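S.K.: below: sequence and its predicted model.
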Amino acid sequence: MNNLNNSMMTKAALGAASIAAVLVLAGCASPPNNDRTELRDARDGFPALAGNWYDGGKFVDPENILRIQESQTKDQVRQLIGNPHYSEGFFGVREWNYVFNLYTGNGNEYITCQYQVHYDDEMALESTRWRDAQCP
């Protein structure tokens, strides 16, 4: 009887672990960026500023942004400007969004700028764009 209880408990634990693993993996998956309308500001294709991981933006060396070039891999972009600042998923994502704080050259004043990186079908950098004309 004791062996039967142990066997049943083991099966129940394995079943619970399997369900938990499926739920975790489902949470990691995300739809393509163009279907994530809840994060979009419909006017220009950039996500809402309030949805980023940082409170307002992240300071980055502007020289690193200038080093971003077509055909770079995601790893190369990540080394230059870090991980994207929004929850955009892991696999097959072809757009990364950033929020940078850039000094204006006037003391400690800075502006907050949104930056987008687009990847092609081979996940090589295809293009970039700024939300505001004052940022580049």
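M.R.: Ah, there it is.
S.K.: now do the strands in the chain.
M.R.: In the chain, the strands defined using DSSP state E lie at 58-59, 95-103, 110-119, 125-130.
S.K.: need the residues that contact the shortest one.
M.R.: Contact with strand 58-59 is made by 82, 85, 98-102, 110, as judged by Cβ atoms under 8 Å, 6 or more residues apart in numbering. Placement of C-beta: from N, CA and C, glycine included.
S.K.: please redo it, this time with the cut-off set to 6 Å
M.R.: N101 (Cβ atoms under 6 Å, 6 or more residues apart in numbering).
S.K.: show me where pLDDT drops low in the chain?
M.R.: Regions of the chain meeting the criterion pLDDT under 70 cover residues 1-42, 90.
S.K.: neighbours around R131, how many?
M.R.: Residues near R131, counting by other Cβ atoms under 10 Å, number 19.
S.K.: deepest in the core, which of the strands of the chain is it.
M.R.: Of all those, strand 95-103 carries the top mean neighbour count, a mean of 20, counting by mean count of other Cβ atoms under 10 Å.
S.K.: direction included, what does that one pair against?
M.R.: Using DSSP bridges, the strands paired with strand 95-103 are strand 58-59 (parallel), strand 110-119 (antiparallel).
S.K.: I'd like the strands of the chain as TSV, with distance to G45 appended.
M.R.: Output for the strands of the chain, formatted as TSV (distance: least, Cβ to Cβ, whole Å):
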stretch	distance to G45
strand 58-59	21
strand 95-103	9
strand 110-119	8
strand 125-130	9
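S.K.: ok, back up a step: okay if I get the strands paired with strand 95-103 as JSON lines plus distance to S127?
M.R.: Shown next, in JSON lines, are those (distance: least, Cβ to Cβ, whole Å):
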{"stretch": "strand 58-59", "distance to S127": "22"}
{"stretch": "strand 110-119", "distance to S127": "5"}
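S.K.: T104: neighbour count?
M.R.: Neighbourhood size, T104 [other Cβ under 10 Å]: 10.
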